[in-house]
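> can you look at this prediction? I've put the sequence above it.
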Amino acid sequence: MHFYIWDNGDESVGIHGNSVKLDTDVDFLDGEDRQEYIESIKEALGAAFASIWDNGHVHVAADEELSVIDLD
């Protein structure tokens, strides 16, 4: 599974957005355990990259979520 992490930056003050794509294996889990694991990965990635980038709100989405979310 791919996880996409990004922030929008603030172009009005010259801060460009950041993005990264990470891969991890979640196929060993199924059902509720899989979803809980995915949510905990997203929370950890969001916190880590918010600390690294320090540019505001960090978005985290699994590849299967990208088609249904607003990227702004």
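In hand now; what should we look at? Numbers count the residues shown, from 1 in each chain.
> what's the helix or strand for the residue nearest the centre of the chain?
Among the residues of the chain, residue 60 comes closest to the average C-alpha position under Cα atoms, centre = their mean, at 1.7 Å. Per DSSP states H and E, residue 60 falls inside strand 58-62.
> can you give the strand pairings for that strand, parallel or anti for each?
Strand pairing for strand 58-62, determined by DSSP bridges: strand 2-7 (antiparallel).
> okay, the angle between the following helix or strand past the strand it pairs with and strand 2-7?
Proceeding N to C from strand 2-7, the next assigned helix or strand is strand 18-23, under DSSP H and E. Interaxial angle, strand 18-23 versus strand 2-7 (axes from the mean of the first three to the mean of the last three Cα atoms, to 10 degrees): 170 degrees.
> for strand 18-23, which strands pair with it and how are they oriented?
If you go by DSSP bridges, strand 18-23 pairs up with strand 2-7 (antiparallel).
> list the contacts of the partner strand.
The contact list for strand 2-7 (Cβ atoms under 8 Å, 6 or more residues apart in numbering) reads 17-24, 41-42, 45-46, 49-50, 53, 55-63, 66, 71. The C-beta positions use only the backbone N, C-alpha and C, and glycine is treated the same way.
> report the buried members of these.
41-42, 45-46, 49-50, 53, 55, 58-62 (16 or more other Cβ atoms under 10 Å).
> lowest pLDDT pick from those residues?
For these, the weakest pLDDT value sits at residue 55, with 72.
> show me what contacts that residue?
Residue 55 makes contact with 7, 9-10, 15, 17-18, according to Cβ under 8 Å, 6+ apart.
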